[in-house]
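> Sequence and computational prediction follow.
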Amino acid sequence: MTQAIGIDLGGTRIKGVLIDTITGTVLHQLITPTGDGENGNWQRAVADTVQALSQQTTESILSIGLSAPGLPTPNNTAIACMPGRLQGLEGFDWSAYLDKPVRVLNDAHAALMAEARFGTLKGVQHGLMLTLGTGVGGGLLLKGQLYQGFFQMAGHLGHTAIHADSVHLDITNMPGSVEDAIGNVTVGRRSFGRYQTTHELVDGYQQGEPLATQVWLTSIRQLAVSLASLANAFSPEVIVLGGGIMQADRALLDPLHTFFDLFEWRPAGKKTTIRKAYFEDWAGAIGAAAFLKE
């Protein structure tokens with residue numbers, strides 16, 4: 001198998017790719033609106049995307065990779081748990097619906113797979129990835145393999161706590177989580193309503209606005225503490241940061257390295273490398289396709 005189809009089922013868009021499984025090169029890509037909450041026919045939209053990509057292949061497609069929010073079943077054939085969105089996703093039998101074997105995995109895990117096989121984690125044995133966006137997701141690469149853990153919920157690094165006394169609970173009931181500290185969803189609360197998005201906050205920081213500076217650097221400091229803690233727990237060679245918040249680029253990475261240098265434990269000079277993700281919007285679909293070869 002040298003070509004594979006990967007689908008990333010999101011709340012607003014379905015992204016599909018046909019890739020070269022040797023190099024990770026994207027041979028063809030498609031975006032379709034999900035339509036969640038409208039006619040509820042996102043399953044049909046996924047099937048149409050697969051069919052359109054299948055027409056672009058030069059070889060038979062024997063199986064499909066699919067990434068989606070939620071926790072997959074132990075055998076990665078369906079999403080077992082995803083409350084609140086994409087009604088009908090839980091337990092949906094994709095293999096029967098698409099008439100081909102389908103491997104399903106969590107969307108953040110798929111992003112990790114894309115980086116591990118074709119991106120900035122290629123050749124790395126032990127790595128972590130955090131996806132910084134509306135929320136904060138993550139994944140673990142241990143001994144060169146995706147680690148999903150019991151109930152397939154390992155790697156939810158955004159739902160680890162850095163403020164146990166916080167009165168703010170995230171969607172997993174974790175007080176003072178990493179997601180609460182830097183996720184786009186909490187920008188309004190963290191900035192007393194002055195900014196509503198990370199983009200607005202970073203723009204204010206770059207213009208030297210005092211409130212934006214205080215809020216942004218506090219978030220970055222908390223992220224650095226979290227990464228240093230994760231380095232103590234997993235001793236990764238590389239930590240990869242992806243997601244929309246990474247569009248802040250040096251406005252995030254420069255202060256992050258300053259704080260990380262302060263907090264990371266470095267016995268005998270051991271140091272964890274922090275890298276920006278290679279793939280962006282297409283990581284979930286590419287990673288889902290890559291997972292077919294695991």
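Arrived safely, thanks for sending.
> Quick one: residues contacting the residue nearest the centre of the chain.
In the chain, the residue lying closest to the centroid (CA atoms, centre = their mean) is residue 108, at 3.1 Å. Applying CB atoms under 8 Å, 6 or more residues apart in numbering, we find residue 108 in contact with 129, 131, 137-139, 155-156. All C-beta atoms are positioned from the backbone trio N, CA, C, and that covers glycine.
> Is it correct that it falls within a strand?
No - counting by DSSP: H, G, I helix; E, B strand; the rest coil, one finds residue 108 to be helix, located in no strand.
> Same list (the contacts of residue 108) but as CSV, adding distance to residue 237 and pLDDT.
Converted to CSV, the contacts of residue 108 look like this (distance: CB to CB, whole Å; pLDDT from 0 to 100):
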residue, distance to residue 237, pLDDT
129, 12, 97
131, 19, 94
137, 20, 92
138, 16, 95
139, 15, 96
155, 16, 94
156, 21, 94
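> Closest one of these to residue 184?
Nearest to residue 184 among the contacts of residue 108, counting by CB to CB, is residue 131 at 11.5 Å.
> For the closest one, identify the helix or strand it belongs to.
strand 127-132 (DSSP states H and E).
> one step back: nearest residue to the residue nearest to the centre of the chain other than its sequence neighbours?
Of all residues not flanking residue 108 in the chain, residue 137 sits nearest, at 3.2 Å (CB to CB, 6 or more residues apart in numbering).
> partners of the one you found in the sheet?
residue 131 (DSSP bridges).
> Next one: it from residue 265, what distance?
25 Å (CB to CB, to the nearest Å).
> Residue 24 now?
Computed as CB to CB, the residue 24 to residue 265 distance reads 34 Å.
> More neighbours: the two, which one.
residue 24 (19 against 11; other CB atoms under 10 Å).
> First-to-last residue distance for stretch 46-66?
With CA to CA, to the nearest Å as the measure, stretch 46-66 spans 9 Å from end to end.
> now the contacts of residue 108 as a markdown table including neighbour count?
Below are the contacts of residue 108 laid out as a markdown table (neighbours: other CB atoms under 10 Å):
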| residue | neighbour count |
| --- | --- |
| 129 | 32 |
| 131 | 26 |
| 137 | 26 |
| 138 | 27 |
| 139 | 31 |
| 155 | 23 |
| 156 | 22 |
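> if we can go back for a sec, quick one: contacts for the residue nearest to residue 108?
106-108, 111, 130-131, 155-158, 243.
> same deal with residue 52?
Counting by CB under 8 Å, 6+ apart, residue 52 touches 16, 30.
> does residue 8 sit in a helix or strand, and which one?
Under the criterion of DSSP H and E, residue 8 resides in strand 3-9.
> Now the element after that strand, going C-ward?
strand 13-20.
> Counting by contacts, list what that following strand packs against.
Here strand 13-20 touches strand 3-9, strand 26-33, helix 42-54, helix 283-290, going by 3 or more CB pairs under 8 Å, 6 or more residues apart in numbering; DSSP states H and E.
> buried sites along stretch 240-258?
240-246, 248, 251-253, 255-256 (16 or more other CB atoms under 10 Å).
> typo on my end, stretch 172-189
Buried residues in stretch 172-189, counted by 16+ other CB under 10 Å: 174, 176-187.
> just how off-centre is that stretch within its chain?
Its chain's C-alpha centre and that of stretch 172-189 lie 16 Å apart, by CA atoms, centre = their mean, to the nearest Å.
> what's it in contact with?
Stretch 172-189 is contacted by residues 130, 132-136, 156-171, 195-198, 200-201, 219-220, 222-223, 226, 244-245 when judged by CB under 8 Å, 6+ apart.
> ChimeraX command for the buried members of those residues?
Under the burial definition 16+ other CB under 10 Å, those of the contacts of stretch 172-189 that qualify are selected in ChimeraX by:
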select :130,132,133,134,135,136,156,157,158,159,160,161,162,170,195,198,201,219,220,222,223,226,244,245
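> Narrow the contacts of stretch 172-189 to those in helices?
Counting by DSSP state H, the contacts of stretch 172-189 place 198, 200-201, 219-220, 222-223, 226 in helices.
> Kindly reformat the residues you listed as CSV containing distance to residue 78 and pLDDT.
Compiled in CSV, the ones in helices among the contacts of stretch 172-189 are given as follows (distance: CB to CB, whole Å; pLDDT from 0 to 100):
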residue, distance to residue 78, pLDDT
198, 33, 96
200, 38, 97
201, 38, 98
219, 36, 98
220, 38, 98
222, 35, 97
223, 33, 98
226, 31, 98
